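Curious how this folds, go ahead:
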Amino acid sequence: MHSLDTIPLIEITRGTITETIHRGAIAVVDTKGNLQYAAGNPKLVTFMRSAAKPFQLLPTLESQAIEEFNLNPSEISVMCASHSGEDYHLELIRQILKKTGLTEETLQCGPHLPGHIPTQRDMIRSCQQPTAIHSNCSGKHTGMLMGCRIKGFPIEGYLDLSHPIQQEILHTLEEVGDMSANDIGIAIDGCGVPTFALPIDKIALLFSRLADPVLITKSQRQKGLNNIRDAMIAYPENMSGSNRFCAALMKHFPKQVVLKSGAAGVYGIGLPNQGLGIGLKIENGLGEPRYAAVLTVLRKLDILPQDGLDQLWHQFCPPVKNYRQQIVGSFRPVFELMS
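Model (predicted):
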């Protein structure tokens, strides 16, 4: 990542003086891949990380998994999740594993404590060790294992890039995003599966086609994208968690926006009614500036009601306070979208 690829997006002030500057890049495209707006370099290459999860599930849903395993939208949503490890997330994943004839021990994502702080504290107090199902990626891994089941692939080695399920995921990204294999960089994600680096305008294109897959010619793929989008929108907390930004934004604007975060400052956003997709990267990977940038882009596009965006701004980008609860600073957007 070169400094010329990014521009200041969000400043955080202390008093009247800028204390920190958060650089990044943004691309807004339509379903044909035409660039509509940008801030910074729309060709900036970054890893999608968990923003890829809806598309990592797509090969499984293309293979009649909904019919074969009697999947419902609530279950589809959690398989796209970076979930908080709350009880309802774990119950859903266990339910799906049971349908596929698999157990928690099959999950190879590695354990970590839940992101949901009350659940995390309860586990620590009771000396309960996390297992793989507590991983925020356990839903994604469950979807991959389901794909192996329905396609007759071996379960062993499902994490590896050479495994057929990972190859299908890679080829699906290439096709939905109008890319070749040479356009996608590959490394290993935090949960052990391949993660994909691509230009942010391609992340935007993927999400425009998740939002509105009208140009997808394969009928099962179009159906799969529709099912994933509708499930994420209908059950946003399943693919996120209580009081999380993704869930709050989708709940605030029902059927008007679908989005997925990725680690290290990434967001993919789709606007179904407009057929637009947004790819966003905050260079330093921090969370709160990322929320501020997402809300500012949506404000500038003037598509969603401004009063609703203002409410979310107050919730997720509140004034900076000190330990005495005095307001000492604020988040300040400093970019324009260039057409």
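
where does the nearest residue to T20 once chain neighbours are set aside land in three-state SS?
In this structure, T20 finds its nearest non-sequential neighbour in I12, 4.7 Å apart by Cβ to Cβ, 6 or more residues apart in numbering. All C-beta atoms are positioned from the backbone trio N, CA, C, and that covers glycine. At I12, secondary structure determined by DSSP: H, G, I helix; E, B strand; the rest coil is strand.

I12 pairs with what?
T20, F331 (DSSP bridges).

State the distance from it to G24.
Separation of I12 from G24 (Cβ to Cβ, to the nearest Å) stands at 14 Å.

cool, Q166 as well?
Distance from Q166 to G24, by Cβ to Cβ: 29 Å.

okay, those two: which has more neighbours?
G24 (28 against 22; other Cβ atoms under 10 Å).

That one sits in which helix or strand?
Assigned by DSSP states H and E, G24 falls within strand 17-30.

avg pLDDT for that strand?
Strand 17-30 comes out with an average pLDDT of 98.

List the buried residues in it.
Buried residues in strand 17-30, counted by 16 or more other Cβ atoms under 10 Å: I21, H22, R23, G24, A25, I26, A27, V28, V29, D30.

from the chain's centre, how far out does that strand sit?
Mean-position distance between strand 17-30 and its chain equals 18 Å (Cα atoms, centre = their mean, to the nearest Å).

just to revisit the earlier point, need the residues touching each of I12 and G24.
Counting by Cβ atoms under 8 Å, 6 or more residues apart in numbering, the contacts common to I12 and G24 are P289.

how about the residue nearest to the spatial centre of the chain, phi and psi?
For the chain, K260 is the residue whose C-alpha lies nearest the centre (Cα atoms, centre = their mean; 2.3 Å). The phi/psi pair for K260 (degrees, to the nearest 10) reads phi -150, psi 130.

Can you name the residues that contact it?
S50, A51, K53, P54, C80, S82, F207, M232, M239, C246, Y267, G268.

Just the ones in strands from those, please.
With DSSP state E as the criterion, strands contain Y267, G268 from among the contacts of K260.

what about burial for the contacts of K260, which qualify?
Buried among the contacts of K260 by 16+ other Cβ under 10 Å: S50, A51, K53, P54, C80, S82, F207, M232, M239, C246, Y267, G268.

State the distance from the third one to N136.
K53 is 10 Å from N136, where distance means Cβ to Cβ.

what do these two both touch?
Common neighbours of K53 and N136, using Cβ under 8 Å, 6+ apart, are A81, S82.

does P199 really touch M48, like I thought?
No - using Cβ atoms under 8 Å, P199 is not in contact with M48, being 10.7 Å away.

Just want to know which of those two has more residues nearby.
Comparing P199 with M48 by neighbour count (other Cβ under 10 Å), the higher total belongs to M48, at 27 against 21.

Show me where this protein has its helices.
Along the chain, counting by DSSP state H, helices occupy 53-62, 65-69, 73-78, 87-100, 117-125, 138-151, 164-176, 200-211, 219-234, 245-252, 287-301, 306-316.

Reformat those as a markdown table; add distance to D183 and mean pLDDT.
Below are the helices of the chain laid out as a markdown table (distance: least, Cβ to Cβ, whole Å; pLDDT from 0 to 100):
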| stretch | distance to D183 | mean pLDDT |
| --- | --- | --- |
| helix 53-62 | 14 | 98 |
| helix 65-69 | 28 | 95 |
| helix 73-78 | 28 | 98 |
| helix 87-100 | 32 | 97 |
| helix 117-125 | 39 | 96 |
| helix 138-151 | 22 | 98 |
| helix 164-176 | 8 | 98 |
| helix 200-211 | 7 | 99 |
| helix 219-234 | 19 | 98 |
| helix 245-252 | 26 | 97 |
| helix 287-301 | 24 | 96 |
| helix 306-316 | 33 | 97 |
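
closest to P42 out of these?
Nearest to P42, of all these, is helix 200-211, at 4.2 Å by Cβ to Cβ.

Report all helices and strands that that closest one contacts.
strand 17-30, strand 45-47, helix 53-62, helix 164-176, helix 219-234, strand 258-262, strand 266-271, strand 276-282 (3 or more Cβ pairs under 8 Å, 6 or more residues apart in numbering; DSSP states H and E).

highest average neighbour count across the ones you listed?
Ranked by mean neighbour count, the helices and strands packed on helix 200-211 are led by strand 276-282 with a mean of 28 (mean count of other Cβ atoms under 10 Å).

that older thread, list the beta-bridge partners for the residue nearest to the centre of the chain.
Beta-bridge partners of K260, as defined by DSSP bridges: G268.

so how far is Q56 from it?
Separation of K260 from Q56 (Cβ to Cβ): 11 Å.

Same check on A181?
According to Cβ to Cβ, A181 and Q56 sit 17 Å apart.

How about Q274?
For Q274, the distance to Q56 equals 25 Å [Cβ to Cβ].

what's the answer for K202, then?
Using Cβ to Cβ, K202 is found at 15 Å from Q56.

Other residues contacting stretch 177-193?
Residues outside stretch 177-193 that contact it (Cβ under 8 Å, 6+ apart): 33, 45, 47, 49-50, 56, 108-110, 135, 137, 140-141, 144, 159, 161, 166, 170, 173-174, 194-199, 202, 205-206, 209, 263.

Can you dump the C-alpha atoms of that stretch in PDB for me?
Output of stretch 177-193 as PDB, limited to C-alpha atoms (Å, rounded to 0.1, in the frame of the first residue of the first chain):
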ATOM      1  CA  GLY A 177     -16.000  -9.900  -9.900                       C
ATOM      2  CA  ASP A 178     -15.000 -10.100 -13.600                       C
ATOM      3  CA  MET A 179     -11.500 -11.000 -12.600                       C
ATOM      4  CA  SER A 180      -8.800 -13.500 -13.600                       C
ATOM      5  CA  ALA A 181      -6.700 -15.500 -11.200                       C
ATOM      6  CA  ASN A 182      -3.800 -13.000 -11.700                       C
ATOM      7  CA  ASP A 183      -6.000 -10.200 -10.300                       C
ATOM      8  CA  ILE A 184      -6.300 -11.900  -6.900                       C
ATOM      9  CA  GLY A 185      -3.600 -12.100  -4.300                       C
ATOM     10  CA  ILE A 186      -3.800 -14.900  -1.800                       C
ATOM     11  CA  ALA A 187      -2.600 -15.300   1.800                       C
ATOM     12  CA  ILE A 188      -3.900 -17.100   4.900                       C
ATOM     13  CA  ASP A 189      -6.600 -15.500   7.000                       C
ATOM     14  CA  GLY A 190      -6.800 -15.500  10.800                       C
ATOM     15  CA  CYS A 191      -9.000 -18.600  10.800                       C
ATOM     16  CA  GLY A 192      -6.700 -20.600   8.500                       C
ATOM     17  CA  VAL A 193      -8.500 -20.400   5.200                       C
END
